[in-house]
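Engineer: Coordinates for the following, if possible.
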Amino acid sequence: MKKILFYFVIFSSLIAFLTSCDKDENNMAPAVTAPANANVEINAAIDLTFNFTAEAGFKSSAVTATNGTASVKTDGTAGSTSGSVVVTFTAGANAGAGSVVLTLTDNDDQAGSATAVLNVVEEELIISVPGNITENTTWETGKVYILESRIAVVSGATLTIEPGVIVKGQAGTGANATALLIARGGKIMAEGTADAPIIFTSVADEIEPGMIESPNLDPVLNGLWGGLLILGNAPISADAASMQIEGIPPSDQNGLYGGDNAADNSGVLRYISIRHGGANIGEGNEINGLTLGGVGSGTVIENIEIVSNQDDGIEWFGGTVSVKNAIIWNTGDDAVDTDQAWAGTLDNFIVVNPGDECMELDGPEGALDNAGHTIKNGTVYAGNAEGLVDLDENTRCTITGIYFFGVAEGQDFDLNPAVLTCSNLQATLPGGAVVTDYFKGGSDAYVTIVAEGANTVGADVTKFQTWSWAAVSGALNGF
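Structural biologist: Numbering: from 1, shown residues only. Alright, predicted model coming up:
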């Protein structure tokens, strides 16, 4: 019996020895490949993918780091002979070299490792935008983005702009005029807040994140860059189902707008201030502060300020999008301009001192279209304007709840033969003035004359506090 037990022990030891030899001789230690060297900003995180092969099968991984911290985000699969491990590295507070070492152990308890080399850099706060946006992109709070040319967000791409971002356009005229263009099928998600609006301005503006007022530019300077254009697939009434938007050269096909989707969605604009724009690309062809071409009702546009644009403040070319809470201050041409049977609503707005018409409201340009728009709850300070409201014979519009003041001789609102519904208009006129001198063609029937400040209709000015330059500067005092 002792002899049998002796032989059993010898046999077991031999099996263990042969198994050990098989591990050592036949399975190579894991091989791990590190990703390429990378830059990461101070306190920012980056994911690093390490690839591996492990003949004896994956067992476990461990990670260490310098100039930051690291953790395994996605581990290898138990027993797998190849695969990847994703590591998240969070940079430290100091610029300089950093590293991540991943050590992988296989089922034979053999180990392999690789080192990812990192460069921790200071946060980049001023970022150049040199070309079109062709993939989903985010512009981050606390940063300034410089448009180096006309930049298009092309079809299929979404640009997200976080609260407080400042976008500055380089100087340029003609075909080189800078602008941000959201093409048909592209999308912008620009959602500022009342505490942190998104500001579009010129590179000449020394404004920085956290500021509302420009420290060096007056609110009467215009034409220093282009503007913001949003184009969609909603219907327009023009000479063709789709057209090239004004302000963009015909050679740029991203400038086409119009289609058959009334509910088209081009994204969201909230708490946006657009300043000092309107660069001229040719005789009589300037860029508006905000251009809306064939934009659909699925798009949300609220709390918008246009300051000192050389051309119009907001201009609609057809489409069905509505705009709520808008202020248009010191434009060189019309404040509110509508064309091509726009079929949305402008609700709660302020116009201050435009260069031409306070409102230029046009109808369809091609085949007659019964679509009309609504303009309501507005306060209009005419100032140096050429006129109050200009209409053409095809205009289809409902105007209600508007207060006009700051009116001067020669400014008028003439109904003409437009298809127009008016109600509940109020006005403060110069002393001794006759209402029909300013409100013509029968429009006087809808106007009540009131003392300045005694109006009971008009805009809710509280919607513009804290975030608009006009309100913060005091330009709305008395409104």
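
Engineer: Without its sequence neighbours, what residue ends up closest to residue 172?
Structural biologist: residue 178 (4.9 Å; Cβ to Cβ, 6 or more residues apart in numbering). Heads up, the C-betas are built off the backbone N, CA and C, glycines and all.

Engineer: same question but for residue 113, I mixed them up
Structural biologist: residue 103 (4.2 Å).

Engineer: Ok, residue 30 next?
Structural biologist: Nearest one to residue 30, counting by Cβ to Cβ, 6+ apart, is residue 112 at 3.5 Å.

Engineer: Just the mean pLDDT for the helix or strand containing that neighbour, thanks.
Structural biologist: When elements are assigned from DSSP states H and E, residue 112 belongs to strand 111-121. The pLDDT scores in strand 111-121 average 97.

Engineer: mind listing what residue 331 touches?
Structural biologist: Listed by Cβ atoms under 8 Å, 6 or more residues apart in numbering, the contact set of residue 331 reads 222, 289, 306, 308, 309, 310, 311, 312, 313, 354, 355.

Engineer: and the first one, how far is that from residue 303?
Structural biologist: The one in question is residue 222. 22 Å (Cβ to Cβ, to the nearest Å).

Engineer: Out of the contacts of residue 331, who's the most crowded?
Structural biologist: Among the contacts of residue 331, residue 313 has the most neighbours (other Cβ atoms under 10 Å), with 34 neighbours.

Engineer: Please list all residues in contact with residue 276.
Structural biologist: So residue 276 contacts 201-202, 204-205, 217, 221-225, 307-309 (Cβ under 8 Å, 6+ apart).

Engineer: Sort out for me which of those are in helices.
Structural biologist: Per DSSP state H, helices hold no members of the contacts of residue 276.

Engineer: Would you mind writing the CA trace of the helix or strand following the strand holding residue 112 as PDB?
Structural biologist: Per DSSP H and E, the first helix or strand lying C-terminal to strand 111-121 is strand 126-129. Extracted C-alpha coordinates of strand 126-129, given in PDB (Å, rounded to 0.1, in the frame of the first residue of the first chain):
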ATOM      1  CA  ILE A 126      -9.500  81.100 -27.900                       C
ATOM      2  CA  ILE A 127     -10.100  78.600 -30.700                       C
ATOM      3  CA  SER A 128      -9.900  79.200 -34.500                       C
ATOM      4  CA  VAL A 129     -12.700  77.800 -36.700                       C
END
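
Engineer: Do you know the pLDDT at residue 366?
Structural biologist: Confidence score, pLDDT, at residue 366: 74.

Engineer: element containing it?
Structural biologist: Counting by DSSP H and E, there is no helix or strand that carries residue 366.

Engineer: Run through the residues that contact the residue nearest to residue 406 when sequence neighbours are not counted.
Structural biologist: Ranked by Cβ to Cβ, 6+ apart and with sequence neighbours excluded, the top spatial neighbour of residue 406 is residue 381, at 4.1 Å. Counting by Cβ under 8 Å, 6+ apart, residue 381 makes contact with 350, 351, 352, 353, 405, 406, 479.

Engineer: Scan the residues you listed and report the most crowded one.
Structural biologist: residue 351 leads the contacts of residue 381 on contacts (other Cβ under 10 Å) with 30 neighbours.

Engineer: Look up the pLDDT of that one for me, please.
Structural biologist: 98.

Engineer: From residue 334, how far off is it?
Structural biologist: Residue 351 is 9 Å from residue 334, by Cβ to Cβ.

Engineer: Just want the most central residue of this protein.
Structural biologist: residue 190 (3.4 Å; Cα atoms, centre = their mean).

Engineer: you'd agree that residue is up against residue 274?
Structural biologist: No. The criterion here is Cβ atoms under 8 Å, and residue 190 misses it with residue 274 at 10.7 Å.

Engineer: where's residue 358, which helix or strand?
Structural biologist: Secondary structure (DSSP H and E) places residue 358 in strand 357-361.

Engineer: partners of the following helix or strand past that strand, with directions?
Structural biologist: Scanning forward in sequence from strand 357-361 by DSSP H and E, the next helix or strand is strand 373-381. Strand pairing for strand 373-381, using DSSP bridges, gives strand 345-352 (parallel), strand 396-405 (parallel).

Engineer: Adding distance to residue 255, write those strands out as TSV.
Structural biologist: Formatted as TSV, these follow (distance: least, Cβ to Cβ, whole Å):
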stretch	distance to residue 255
strand 345-352	24
strand 396-405	26
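
Engineer: Among those strands, which comes closest to residue 47?
Structural biologist: strand 345-352 (44.7 Å; Cβ to Cβ).

Engineer: Just the angle for that closest one relative to strand 357-361, thanks.
Structural biologist: Orientation of strand 345-352 against strand 357-361 (axes from the mean of the first three to the mean of the last three Cα atoms, to 10 degrees) gives an angle of 160 degrees.

Engineer: Start and end of stretch 403-422, how far apart?
Structural biologist: With Cα to Cα, to the nearest Å as the measure, stretch 403-422 spans 13 Å from end to end.

Engineer: and it, average pLDDT?
Structural biologist: 92.
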